[in-house]
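Engineer: sequence-free structure coming up:
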């Protein structure tokens, strides 16, 4: 199948498919006598896996690791779990930072509500932000 049909079947653009080839997420396709790429149906499944893995938060490097293992006939469950655990930890850390930032903004908003705008006369600072 040509790249346009593969793009339609996989839900990815031809440009994305070419990019995945360039970074070796996909094997080099066979070529027709006219030089067109000629893909097998199995590549559509591989593309769906790549898309789904990215949707789960995995990086292309992580996807490459898993695909290389699969290509070698190895099980990937433990590696997938370690990738997911690391992403969960990253999300938890990000949530903590966001909660701290929110608490600081709530405090600033509270300060802003209590201040008298008439006393805001310094042209170089905001009394809400600078205590």
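Structural biologist: Great, that's in hand. On a predicted model such as this, the values are computed, not experimentally measured, just so you know.
Engineer: Break the protein into its domains for me.
Structural biologist: Here the domain parsing of the chain from automatic domain parsing is 1-58, 75-115.
Engineer: Just say which of those is most tucked in.
Structural biologist: domain 1-58 (a mean of 15; mean count of other Cβ atoms under 10 Å). (Each C-beta comes from the backbone N, C-alpha and C, glycine too.)
Engineer: how long is it end to end?
Structural biologist: 28 Å (Cα to Cα, to the nearest Å).
Engineer: follow-up on the earlier one: check the domains of the chain for me: which has the lowest mean pLDDT.
Structural biologist: Lowest mean pLDDT of the domains of the chain: domain 1-58, a mean of 93.
Engineer: one step back: got JSON lines for the domains of the chain, with distance to residue 66 too?
Structural biologist: Shown next, in JSON lines, are the domains of the chain (distance: least, Cβ to Cβ, whole Å):
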{"stretch": "domain 1-58", "distance to residue 66": "7"}
{"stretch": "domain 75-115", "distance to residue 66": "5"}
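Engineer: what's the closest of these to residue 69?
Structural biologist: Nearest to residue 69 among the domains of the chain is domain 75-115 (4.9 Å), distances taken as Cβ to Cβ.
Engineer: next one: that closest one to chain centre, how far?
Structural biologist: 17 Å (Cα atoms, centre = their mean, to the nearest Å).
Engineer: ditto for stretch 73-80
Structural biologist: For stretch 73-80, the distance to the chain centre is 21 Å (Cα atoms, centre = their mean).
Engineer: And it, end to end?
Structural biologist: End-to-end distance of stretch 73-80 (Cα to Cα): 15 Å.
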